[in-house]
Structures are given as C-alpha cells and as structure tokens.
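*Asks:* Dropping the sequence and predicted coords here.
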Amino acid sequence: MKHYVAVEDHTQKELQELIDLSMQMKQGSKTVSLKGKTLVSMFFNPSTRTKTSFDLAMEQLGGHNICLEPGSSSWGIEMEEGAVMDGDKEEHLKDATKVLCKYGDAIAVRCFPPFMDWEHEKTDPIMKSMVNWSNNPIINMETITHPCQALAMMQTLQEKMGSVKGKKLLLTWAYHPKPLNTAVANSAGVIASMFGMDVTVANPVGYDLDPYYTDIMKKNCEAAGATFEQSHDQDEAAEEADIVYAKSWGSIQQYGAFQKDVHDSNKDWIVDSSLMEKTNDALFSHCLPVRRNMIVSDEVIDSESSLVYEEAENRLHVQKAILAKLMGGV
Amino acid sequence: MKHYVAVEDHTQKELQELIDLSMQMKQGSKTVSLKGKTLVSMFFNPSTRTKTSFDLAMEQLGGHNICLEPGSSSWGIEMEEGAVMDGDKEEHLKDATKVLCKYGDAIAVRCFPPFMDWEHEKTDPIMKSMVNWSNNPIINMETITHPCQALAMMQTLQEKMGSVKGKKLLLTWAYHPKPLNTAVANSAGVIASMFGMDVTVANPVGYDLDPYYTDIMKKNCEAAGATFEQSHDQDEAAEEADIVYAKSWGSIQQYGAFQKDVHDSNKDWIVDSSLMEKTNDALFSHCLPVRRNMIVSDEVIDSESSLVYEEAENRLHVQKAILAKLMGGV
Amino acid sequence: MKHYVAVEDHTQKELQELIDLSMQMKQGSKTVSLKGKTLVSMFFNPSTRTKTSFDLAMEQLGGHNICLEPGSSSWGIEMEEGAVMDGDKEEHLKDATKVLCKYGDAIAVRCFPPFMDWEHEKTDPIMKSMVNWSNNPIINMETITHPCQALAMMQTLQEKMGSVKGKKLLLTWAYHPKPLNTAVANSAGVIASMFGMDVTVANPVGYDLDPYYTDIMKKNCEAAGATFEQSHDQDEAAEEADIVYAKSWGSIQQYGAFQKDVHDSNKDWIVDSSLMEKTNDALFSHCLPVRRNMIVSDEVIDSESSLVYEEAENRLHVQKAILAKLMGGV
C-alpha cells in the first residue's frame, strides 16, 4: 500500500486489515509511533471532522500535521499539466506537490470537483497527478471519492453488526438545496459491495451515480453472491434494509447546468420515521455535515439507531491506521 | 467546576482559586500536565490574543490545541434546535458539538452575538446549547460575556494593588466607529463587583448595559458594602477612580437598527490625559484590540499606568488555570 | 545577531555561518533544541513554502509555532504610529507586537508592500516598527526584501558549485500578469554581490530595481573584484551566465498607477530553452510559486539544471539555522 486514494484500488483483505488495525488502536491494544514524521494536509474546501481528526491522528501517533488552505491562506493552485499560467492561479500543483514532498512525509488532500465537466472530473485528475508527482504517500480526504469516510462507515457497521455479509445497505439520495459531490455515495456503495453486502442505491430519476461506480458495485455483489439494485422509489427500496445510509448528491446530467426547479421537485426524499418504519429495524448513518430536517429528520438522527457520531469518531481511528500503514512501516 | 462560561456562574472563592493557580503557574511554582489531552477551539470571529494564548496554554501544559474557523475553513454552523436547514449553514451545532466531543477533551468557543435580536441573544444560546449537548467542558472565549478576559483583569489588578476591595473601578464607555459587543463590559463589571470593588459604569445616554448585568453588579456591591453607580457623565465618574477600564459597546436600544449619527455624537468619550487627571492617580486598562486615539490616547495607553500588556499576558496564565481545572483534575 | 530582517544588515561572514549551520543541521551533524520556545508567525499574505517550512522548522527544533493571519482569522492591523484609528483596522501593530512578545519568543512576519507609495514603503516601515517595539527577535518572511529566500538560494548554489566567487548570476525579470513585489530580486542580487559573484540584473526599460539595492550590489561587486551590470536585453545578459535566477516584479515607476498595456508589452521576457542555450550551461532557479510557461517554460523548470525544489527544501534548513541562532543561543 503506497497511497490511499480510493477504496476500489485495494482488496477487501487490505481494507479489513486497516479496519482491524484501527480497532486495535481504538482499544489501545496496538500503538504505532510516527515520531519525527509530518503530514501536510491541504484543504481546497472547508472541513470540520476531517481537519480535526487528521490533526489529532498525527498528534496521537506522535507526529506532526501542517494544514494548508490553497487559495485562501496559501496560494491558488493550477492543476492542468502544461498550462500557460496567465489566469488567477499562482502555483502549479506539480511544484506544490514536489515542494511538500521535500518538507513532509505524506500529503493528504481535500479537493471537491468543480462540478463543471464530469467527463474530465471523473478521472480524478488531482489524485492521479499527485500520485504521479509525489515521492510520498498521497491520502484522499475527498475528491470524487471519499475512501476515509467509507472505511469509517465499514468499521462502524462491523462494530454494530459483526459481519456485514448478507446485510442490506440502502444508500439513499436525500434532498439538499445545493448539488453536492457524489464522492461519499460512490465510496460507500463500493465498500459495501466489497464486503458482501446486499446493496440498493435509491435516488430520483436523473440522479443515478456514474455507471463506473455502480458497475463496480454490481460486479462485487455478484462475485459475493449478494444482490445489487438501483431504484427510483425510496419507500420500496427501504424494505428489508438493515442500514439506511443517506447522502445527497448533484445530478451528473445537470453537471455544469444545475436545474434548480428539477432539483427542488425532489424535496420529499428525506429519511424520516415513516421511511425507517419500512426497514428491517435498520440502523441509520450519514457522513456529516448533514442538513437536519432536509436530509434526515431530527427524530431519526437523534434516535438510538443513529450511528453518525460513532462513524465520525471512527474517522479518527481509521485514519490513524492509514497513516500508520503508509508512514509507519506497519 | 464543569464549564467556564460566565463569571457569574461561579463563586468569588472559585474565581480566586483560579487566579491563585494562575499566579502559581506564572511563577513556575506549580505545574500541571495535560499530556494526551486535546482542546478544540472554535473561532466564529477573529482573534489575536485569544487564539495565541489558548494555543500556547495547551502547548505549555503538554497538550494539544486544534483551531477551527466555522464558516471559513470549516463548515457554517446552524445554531437553532429543530431548524429545517434549508439556508446557507451546512452543519448543526448539535452535531459539531457531539462530534468534537468524540475527538477532543474540551471545546472553547468564540461567537459574538449577531447584534440582531438582543432578547434572544442575551440568553447566550450558543453557550446554553453547547453545555447541553457536550460531555466535555465548554469554555467561553467571548459570546455575550468574556469570562477569561475578566479573570485576567482581576489577576492583573491584584498583582498591582494587592486586595482590590474598596478600590474604585470606573468602567467607562468610549467611542469606536462600530457598535461592539457588550461582553467585556458585562464580565468586567460583574467580576469587579464580586471582588468587593466600588464599581461605576459610565456611558452615554442610551448605552446602558443590560439591567441583567448591572443588577448583578449592584447586588454584589451592596452585599460587599461597596458602592455601585451608573453615570452618563464621564468626567464626574472619573473622580476618585483607582482604575479606569475602557471599553466601547453598541447600544442595546439600537440593536438591529444601528443609528450611526447618534452613535457618532459621542466621539468625545475618550480616555485621555485630561480624564486621567481627574482620577485618584488611576491605573488604566483595556482588553485589546483597541482603537488608539479613539478609545484611548497614545499618551495614556503608553504610560506607566497602563496595564494592557500585563493583562494580555495574564490571559495566558488564567487560561492555563482554567484548562488545568477543567481537564487536569486539579 | 538580534533580528533577521535583511541580508544587507549582516556581514558575509555572518551569513556564511548561518549557511554552515544550516548545512550541518541538514546533514544531521548538528542539533539544536528550542524546547519550550514559541515562534509566532504572522501572515498578512498567502504562503505555501514559508508557512510549511517555518512550522516544520520549529517542530524539528522541538519548539512550537503559532500561525496568525491578520485581517482574516485575526484582527486587521494598523501600522502607522500615532494614527487616529477611525478606519477599518482594529488593532495597532505596536500593541500586537508587544502582546505577542509576552506570549512567544520570536515573531516572524510576512507583509507585502501595498504597492501604493514606494517612497514610504521602501523604508520597510513594518520591519523598522516591529524591531523598535519588540523585545524578541523579528524575522522577515518577506516584506520589501526576502532574506530567508536569499539565504536558501545561496546555500543551494554553494551545494551545487562549491564557492560561488567569480560565477555569473543573471537575475532576470520575467513576465507575470500582475505587478509583483521586488523583494526576492532585491535580496537575491544583494546576497550574490556579498558573496563575490558577477551580478547582472536584466529587465525591461522602466523596470529597474530601486537604486538603493543596485547601488549595494554594485559596491559589493566592486569590493570583491567582481562585475556588476544592468541590462535591458535579456538575450545579451544571458551570455556566460552560470546561474539564471528568474523573478517577475512590478515597475517602481508604475507604483500606485499600474499600466497594464505597458506591462503586457513585455510578454517575451521568459526563461525558455532558447535563452538557456545562450548561457554557460547555466543552472536555473526561482523562489516559487512560479507561473509556468509565463516566467519559465516547463522544459527549463523540469530540466536537470533546475534547482527550484532544492532551493525550496533549503528554506527549511536555513530557517532552522536562523531560529537556532536567534532563539537557541547558538
């Protein structure tokens, strides 16, 4: 394991090893030292959990974290190779990457796609470029996938359910006033399929995830003897679900041309008690931040079935495992 | 002591114990270790002293500080319970609080009131909510009160005067082009009254502090056999003062409807040498940042009587005491 | 050595000692401890390298760095002594400096000139004021000079060339769409002249550096028996160069009145292969961030002759030496 960029780059066994290590570190039965090691974490977008948990992870491992905010407190970054830099970006990603490799021992990056051109953005150009230019491990803190979140979700499910094999995960779209990144949904569905869950992705017509990801999910489910379904009916999709994972995302078909009226016609996509009642007494989770009473009702997120805080806590532990693996020679 | 949210939540004895601990730590006769402990400090507003001194306090105690800036580098925060989050705030304070309790050991918060609806804001909703939702200690870095500043002021006065009992503190309004928070004034007046000082609050007509705070001051002064006065005449109020504490604040009557012309008619409210000459050879202080030659003349703030830098330094020491008390089992 | 504000404040011997110490620390043959020491680094402008390398420098030395961003996450700063602070700046530099001296052990500052009034700005008022008001060492992270960058450049040249005496440095202007600070050029030319290099400064007509700096260069070169030239012909100036140091800067004559059309008429000032071919097989460097294919072609910056990443790395090492010297009693 040289980088941690997307869950689908790894085997189920590798991911399980990370979860096992994370659980050991959480329980205190395993310690790893990154003394003298430095992570540089670059945030092109805001963060609460990710910033806090990566910083704390490095601190608890005995290392150091330096947090940069390109375009705000550090220079704006050009990403296209060969660009004639006559615009408003002061520094090329190539130079930033190569310089940060001279200072630190790994680079973590959050960079949401600009939602302009999915054909280009779906190639995850920033991750590809950084892996190409870096001597050091690169960690994805959310680009077009969110592999740290997915790992935290899986650890949380295993803590609650034991083996997740054969359990049904409903990954359901929910309404949010803005078109959001598909990253969390892509990674959540993929990791669930890798671990042998029955996966159902439910969303309004026109909001299907990119087939690149749903094809991976389908293939994994089939290989594991599990079911994979896509649905445009949230109520129906909820039946027999053991876990409801909510997330809003923008329509790929509306990429670069957001249709607010079409988007707003889906306001009834919410996870509330009446939806949860259709499930197999399902657990609920979400990556946070969440719009309360838009994505999920207070009643559901504040219920005993809600795993949101446990999943958020597990971000810390899985990231410690990832950092230990990539920098600590574990 | 579970939280440190307002001076009036504590007894004079508790506050004196914090000051004593602070003085011991300042002199190096007492050390406390917060090794392995993490403070998460959330700044909804800018800061120089508070950010630096809390960060340094955790470092000197052997712990770690993580600084978040909601709405800028971290997500915008919704504060109302039960809100339907269809606006521009991405995360609910309830979720942020509960998640940060999973990561750190205490949360410190700076969040100035929006100056829109004092009847609501005077309940200090953010502090009330966070104390309600948090398992961990909450520290107020300035909301509608500023208890850390007040404690630093009191330590500084004790260092200079010994016992402050019977000394006269003039808390005087001064002109600043913008309507500022009443927090520092509220807490400064209250702590002075708790420690048996004669308290005079002077401000222009229409700028009286909320009676909630002046009533506490009056009651405390009476209980201590000290005097409490409110004045609209700065010169008269300065007579016999042993300490002039300057602060500008916005008129509660103009809350949500700032009257620039009325406000600007009070430009003669400044602490300068001619005011200081009316006092009992008084000391001068201010919480900083201060508008020089608006609030106070260069001559006064740069004089030997000025305590502004000592008070700023004491922010560090009192905060170390507060952190040690709340997280260190002292 | 009490401060590190400009290379011309020091002797060549002092600078060489810093470079020697830096090289020893880089190789690990010398360690210095700043345990218990705190640097406060203030960024009025964005930074990638400087922020990361100063933070890492303090960490590696066992000390602590606190990073402030005045005007953004900390208060806006008034710099003029005696100012009546009725504008939008909340805090005076005098107070910020004196308070930060109460908390930390040194202050590092980045503050680009506002490009409004060169006669005033060329006096480097912020550095002069802070040195005046501070009890602690002040370090210049770029104002109207950039002495940390210059030291990193010199260390990198010595690593590549051994003695630089008698080698020709071409400091060449290059086109960038905005008028930039002259700081890097001022310091690069001065340090090269102090170390006995033949210095040629090439730039378009109307873009000469301030004579204050070119006079220092000339005097140093003469004293060392080296040549100093100023040229308006980039191709001619490149002849026999051993090192091409590229930098864009704004015209001092256009200070406060930027002439975009005049500026843009110099787009042919670029360091590309055809320019490099005119040199004595020269090395190339630049301080970064750099506009690729505006200042320098990809081909040149990505070539084996390019020192940009080594120079960036050496920022870390020279700054450790500076910090060790100023705070560590070395």
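*Replies:* All right, it came through fine.
*Asks:* show me where the stretch 201-330 of chain A has helices.
*Replies:* In the stretch 201-330 of chain A, the segments counted as helices under DSSP state H, counting those that start in this stretch are A:211-224, A:234-238, A:260-264, A:273-276, A:298-301, A:308-327.
*Asks:* before we move on, what about the stretch 51-200 of chain A?
*Replies:* With DSSP H, counting those that start in this stretch as the criterion, the stretch 51-200 of chain A has helices spanning A:93-103, A:118-121, A:125-133, A:147-161, A:183-194.
*Asks:* ok, and the closest non-adjacent residue to the closest residue to chain C within the stretch 1-150 of chain A?
*Replies:* Nearest residue of the stretch 1-150 of chain A to chain C, counting by C-beta to the nearest C-beta: A:E91, 3.4 Å away. For every residue, glycine as well, the C-beta is placed using N, CA and C. Nearest residue to A:E91, sequence neighbours excluded (C-beta to C-beta, 6 or more residues apart in numbering or on different chains): C:P289, at 3.4 Å.
*Asks:* Please work out which residue of the stretch 201-330 of chain A is closest to chain B.
*Replies:* For the stretch 201-330 of chain A, C-beta to the nearest C-beta, closest residue to chain B: A:P289, 3.4 Å.
*Asks:* Contact partners for that residue?
*Replies:* By C-beta atoms under 8 Å, 6 or more residues apart in numbering or on different chains, the contact set of A:P289 is A:T48, B:W75, B:E90, B:E91, B:H92, B:D95, B:A96.
*Asks:* out of those, what pair is the most spread apart?
*Replies:* Greatest spatial distance in the contacts of A:P289: A:T48 and B:H92, 11.2 Å, computed using C-beta to C-beta.
*Asks:* Between the two, which has more neighbouring residues?
*Replies:* The neighbour comparison of A:T48 against B:H92 (other C-beta atoms under 10 Å in any protein chain shown) goes to B:H92, with 28 against 25.
*Asks:* Next one: the more buried one relative to B:P70, how far apart?
*Replies:* Distance, B:H92 to B:P70, by C-beta to C-beta, to the nearest Å: 11 Å.
*Asks:* if I look at the two, which residues touch both of them?
*Replies:* Listed as contacting both B:H92 and B:P70 by C-beta under 8 Å, 6+ apart are B:I77.
*Asks:* what's the residue closest to the geometric middle of chain A?
*Replies:* Taking C-alpha atoms, centre = their mean, the centroid of chain A lies closest to A:H146, which sits 2.2 Å from it.
*Asks:* Quick check: that one touching A:C287?
*Replies:* Yes - at 7.1 Å, A:H146 and A:C287 qualify as touching, with contact defined as C-beta atoms under 8 Å.
*Asks:* Now do the shared contacts for these two.
*Replies:* A:V184.
*Asks:* what residues does chain A put near chain B?
*Replies:* A:43, A:46-49, A:51-53, A:55-56, A:59, A:69, A:72, A:177, A:288-294, A:298, A:301, A:308-309, A:312-313, A:316 (C-beta under 8 Å from any C-beta of the partner chain).
*Asks:* change it to 6 Å
*Replies:* Residues of chain A found near chain B (C-beta under 6 Å from any C-beta of the partner chain) are A:46-49, A:52, A:55-56, A:59, A:69, A:177, A:288-289, A:291-294, A:309, A:312-313.
*Asks:* Which residue is most remote from the mean position of chain A?
*Replies:* Farthest out in chain A is A:D86, which, by C-alpha atoms, centre = their mean, sits 33.4 Å from the centre.
*Asks:* what sits against that one?
*Replies:* C:P177, C:M294 (C-beta atoms under 6 Å, 6 or more residues apart in numbering or on different chains).
*Asks:* Torsion angles phi and psi at it?
*Replies:* When read as degrees, to the nearest 10, the backbone of A:D86 gives phi -100, psi 10.
*Asks:* Which of the helices of the stretch 201-330 of chain A sits closest to A:K160?
*Replies:* helix A:308-327 (7.9 Å).
*Asks:* Just the mean pLDDT for the closest one, thanks.
*Replies:* The average pLDDT for helix A:308-327 rounds to 98.
*Asks:* So what's the residue count around A:M161?
*Replies:* 14.
*Asks:* For it, which non-adjacent residue is spatially closest?
*Replies:* Here the residue nearest A:M161, using C-beta to C-beta, 6+ apart, is A:K167, at 6.0 Å.
*Asks:* For the one you found, give me the pLDDT.
*Replies:* Per the predicted model, pLDDT is 98 at A:K167.
*Asks:* In this model A:A241 seems to touch it, though I could be wrong.
*Replies:* No - at 8.9 Å, A:K167 does not count as touching A:A241 under the criterion of C-beta atoms under 6 Å.
*Asks:* Low-confidence regions, chain A specifically.
*Replies:* Along chain A, segments meeting pLDDT under 70 span A:71-74.
*Asks:* Would you map out the domains in it?
*Replies:* Here the domain parsing of chain A from automatic domain parsing is A:7-145+A:315-327, A:148-311.
*Asks:* returning to what we had before: look up how far chain C lies from the closest residue to the residue nearest to the centre of chain A other than its chain neighbours.
*Replies:* Nearest non-adjacent residue to A:H146, counting by C-beta to C-beta, 6+ apart: A:A183, 4.3 Å away. The gap separating A:A183 from chain C is 25 Å, by C-beta to the nearest C-beta, to the nearest Å.
*Asks:* what residues are up against A:A183?
*Replies:* A:E142, A:I144, A:T145, A:H146.
*Asks:* Kindly recompute the last result at 10 Å.
*Replies:* The contact partners of A:A183, taken as C-beta atoms under 10 Å, 6 or more residues apart in numbering or on different chains, are A:6, A:110, A:112-113, A:124, A:140, A:142-147, A:149-150, A:247, A:249, A:287.
*Asks:* swap in A:K325?
*Replies:* By C-beta under 10 Å, 6+ apart, A:K325 lies in contact with A:M1, A:K2, A:Y4, A:E14, A:E17, A:L18, A:L21, A:S22, A:V32, A:P137.
*Asks:* What separation do you get for it and chain C?
*Replies:* In terms of C-beta to the nearest C-beta, A:K325 sits 22 Å off from chain C.
*Asks:* re the thing from before, for the domains of chain A, which one sits closest to B:S129?
*Replies:* For the domains of chain A, proximity to B:S129 was assessed by C-beta to C-beta; domain A:148-311 is nearest, at 13.5 Å.
*Asks:* what about the closest one, how long is it end to end?
*Replies:* Chord length of domain A:148-311, first to last residue, is 11 Å (C-alpha to C-alpha, to the nearest Å).
*Asks:* And for stretch A:268-282?
*Replies:* Span of stretch A:268-282 from end to end, C-alpha to C-alpha: 20 Å.
*Asks:* that older thread, would you agree the residue nearest to A:M161 is in contact with A:V244?
*Replies:* No - with contact defined as C-beta atoms under 10 Å, A:K167 does not count as touching A:V244 (11.7 Å).
*Asks:* Spell out which residues are contacts of both of the two.
*Replies:* A:A282, A:L283.
*Asks:* So for these two, which residue has more residues nearby?
*Replies:* A:V244 (30 against 24).
*Asks:* count of neighbours near the residue lying closest to A:G76 once chain neighbours are set aside?
*Replies:* Computed as C-beta to C-beta, 6+ apart, the closest residue to A:G76 that is not its neighbour in sequence is A:K89, at 4.4 Å. Around A:K89 sit 19 other residues, with neighbours defined as other C-beta under 10 Å.
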